[in-house]
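Enquirer: My questions concern the predicted model and sequence given below.
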Amino acid sequence: MSNGLAIAAVTATLRSLLMHRLGISNVTVKPPDLARTDQTDQVNLFLYQTAVDAAWRNQDMPRQIRPGETGQPALPLCLYYLVTAYGEGDSESKAQQLLGQAMGALHDHPLLGAEEIKQATEANVVGSNLHEQIERVRITPQPLSLEEISKLWAAFQTRYRLSVAYQATVVLIESTRPAHAPLPVLTRGKDDRGPIAQANLVPPFPAIERIVLPSGRTIALLDDQVTLAGHHFALDTGDPAQVTVVVQFTTARLPDPISAVIPAGQRTEAHIAVTVPHQAGVFYPAGLYRVAASVMPNGRPSEARLTNEVPLLLAPTITAINGAALPVPPASPISVARVNVVNGLGDATLHITSRPDVLPEQSGLLLVGDRSVSAEEHAAQTDTLTFVVRHIAAGTFRLRLRLDGVDSPLIDLSGAEPSFDDSQRVTFT
């Protein structure tokens with residue numbers, strides 16, 4: 001493949017080809033508005049466009065990437081040139097002769113040879129290795145309509161002169177990113193048994209299909225027992241006592257995943273039950289988790305299997321408002337007095353205690369009725385956030401605490417029909 005000098009190398013080769021074929025030295029490589037500087041015979045070669053070749057865009061280079069290796073594809077470019085002829089004394093007849101000779105030269109050289117590329121670039125484009133490219137650079141005429149020609153010369157901001165367009169393709173610029181080449185495979189499967197066929201469509205590996213939460217909820221709360229439903233949680237043995245299962249909870253808010261070793265009595269071949277938190281003292285911040293399970297045959301760590309990851313939303317719970325525990329319905333909600341009341345609207349400060357604690361980098365919102373209020377800044381991990389609700393009318397409003405996009409539960413799904421949890425309310429007086 002070629003390096004980043006390949007574009008300049010193609011231009012230099014085309015210029016050299018035209019100079020030798022036409023027998024003139026005045027073959028320039030300038031923008032059309034700057035090309036004409038004297039009244040001699042002249043041919044100007046201008047690269048007016050580059051484009052990525054779609055056919056080569058995701059192709060690995062032959063003999064560069066072997067099966068099983070991963071490499072960055074080369075940058076494949078198509079180069080578009082405009083060849084313009086100028087006759088001595090601005091003679092149009094001489095310009096047509098020069099243009100015909102130039103087109104004949106390019107017609108006779110549809111492929112740029114490695115030797116002529118090397119000779120044309122060894123002095124002017126030092127360091128180019130275009131001549132080593134396996135794929136040859138092909139020169140083909142590029143038809144342009146009258147409208148396209150008019151737009152081109154209008155963009156050049158100069159008067160139109162007799163010209164023709166050509167395409168040079170493909171130029172492959174090698175990526176500087178290294179390829180990944182894994183070591184050769186010594187055995188396929190245990191004892192080199194090769195692939196194993198089975199008579200059903202269920203993969204023979206442990207996998208989590210869904211997460212089952214209490215009361216049909218879609219979010220989990222602290223102290224919930226989360227059940228992972230899937231298959232092959234005992235591998236091929238079918239006996240949960242013959243394997244060790246570790247459930248991993250991964251969140252962006254913690255540097256390392258939380259690992260929970262699941263006793264054999266809390267799991268079967270198709271179910272894994274784990275309580276959040278799985279043991280005292282383990283901190284689970286509210287937010288989004290990725291849950292996976294590692295299944296390992298006892299005493300054989302090299303044969304451990306990791307399941308797919310499934311999402312789990314852990315929601316915060318409001319436990320107190322301004323230091324007062326939430327009342328149990330049908331008791332009246334907590335009352336908070338407003339200040340700065342003007343025209344029936346005032347301000348109120350709410351200190352919301354939540355479980356679990358809130359990390360300093362977590363964003364907190366309090367949804368008061370249909371309003372959203374941002375939490376005041378907190379520099380350390382805390383269980384209480386402060387919210388200032390401004391210009392609110394007197395009345396009773398339902399509350400939801402939102403941490404990292406997860407809301408505290410407001411709907412009670414434990415009954416025959418869903419209903420609002422009346423403990424999650426506040427009254428402004």
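Expert: Happy to help now that I have it.
Enquirer: Where does the prediction get shaky in the stretch 301-429 of the chain?
Expert: The model of the stretch 301-429 of the chain has no residue with pLDDT under 70.
Enquirer: Give me the domain ranges for the protein.
Expert: Per automatic domain parsing, the structural domains of the chain span 6-173, 201-314, 317-428.
Enquirer: Make a markdown table out of these and add mean neighbour count.
Expert: Glycine gets a C-beta too; all of them are placed from N, C-alpha and C. Conversion of those to a markdown table gives the following (neighbours: other Cβ atoms under 10 Å):
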| stretch | mean neighbour count |
| --- | --- |
| domain 6-173 | 16 |
| domain 201-314 | 16 |
| domain 317-428 | 15 |
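Enquirer: Redo these as TSV? Include distance to Gly194.
Expert: Putting the domains of the chain into TSV (distance: least, Cβ to Cβ, whole Å) gives the following:
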stretch	distance to Gly194
domain 6-173	17
domain 201-314	14
domain 317-428	46
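Enquirer: which residues does the nearest residue to Pro141 once chain neighbours are set aside bridge with?
Expert: Of all residues not flanking Pro141 in the chain, Tyr166 sits nearest, at 5.9 Å (Cβ to Cβ, 6 or more residues apart in numbering). Following DSSP bridges, Tyr166 is listed with bridge partners Tyr81, Pro141.
Enquirer: Which pLDDT value goes with Tyr166?
Expert: Looking at Tyr166, its pLDDT stands at 97.
Enquirer: what's the answer for Met61, then?
Expert: 65.
Enquirer: and what of Met1?
Expert: In this model, Met1 carries a pLDDT of 65.
Enquirer: same thing with the one 5 residues further on?
Expert: You'll see Ala6 listed with a pLDDT of 94.
Enquirer: Leaving out chain neighbours, which residue sits closest to Tyr284?
Expert: Nearest one to Tyr284, counting by Cβ to Cβ, 6+ apart, is Pro277 at 5.4 Å.
Enquirer: who's in contact with the one you found?
Expert: Applying Cβ atoms under 8 Å, 6 or more residues apart in numbering, we find Pro277 in contact with 222-223, 283-284.
Enquirer: pLDDT for those - can I get that in CSV?
Expert: As requested, the contacts of Pro277 are arranged in CSV below (pLDDT from 0 to 100):
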residue, pLDDT
Leu222, 95
Asp223, 94
Phe283, 95
Tyr284, 96
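Enquirer: wait, which of the domains of the chain is closest to Ala179?
Expert: domain 6-173 (3.5 Å; Cβ to Cβ).
Enquirer: so what's the residue of the chain most remote from its centre up against?
Expert: The outermost residue of the chain relative to its centre, with distances by Cα atoms, centre = their mean, is Gly89 at 58.7 Å. If you count contacts by Cβ under 8 Å, 6+ apart, Gly89 has them with Gln39.
Enquirer: Would you state the predicted confidence (pLDDT) at it?
Expert: 90.
Enquirer: try Val125
Expert: 91.
Enquirer: That one and Leu5 touch, don't they?
Expert: Yes - using Cβ atoms under 8 Å, Val125 is in contact with Leu5, at 5.4 Å.
Enquirer: Show me the one of the domains of the chain that comes nearest Gly189.
Expert: With Cβ to Cβ as the yardstick, what comes closest out of the domains of the chain is domain 201-314 (11.0 Å).
Enquirer: what about that closest one, how long is it end to end?
Expert: One end of domain 201-314 sits 33 Å from the other (Cα to Cα, to the nearest Å).
Enquirer: ok now that domain, how far from the chain's centre?
Expert: Between the centre of domain 201-314 and the centre of its host chain there is 27 Å, according to Cα atoms, centre = their mean, to the nearest Å.
Enquirer: before we move on, back to that, would you mind giving the contacts of Pro277 as TSV with distance to Thr396 added?
Expert: Listed next are these as TSV, based on distance: Cβ to Cβ, whole Å:
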residue	distance to Thr396
Leu222	27
Asp223	28
Phe283	34
Tyr284	32
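Enquirer: Any regions of the stretch 151-300 of the chain where pLDDT drops low?
Expert: In the stretch 151-300 of the chain, no residues with pLDDT under 70.
Enquirer: The same query, at a cut-off of 90, please.
Expert: 162, 174-205, 214-217, 235-238 (pLDDT under 90).
Enquirer: out of the contacts of Pro277, who's nearest Ala393?
Expert: Leu222 (34.0 Å).
Enquirer: before we move on, back to that, show me which of the contacts of Pro277 is closest to Val342.
Expert: Leu222 (41.0 Å).
Enquirer: Perfect, I'm done here.
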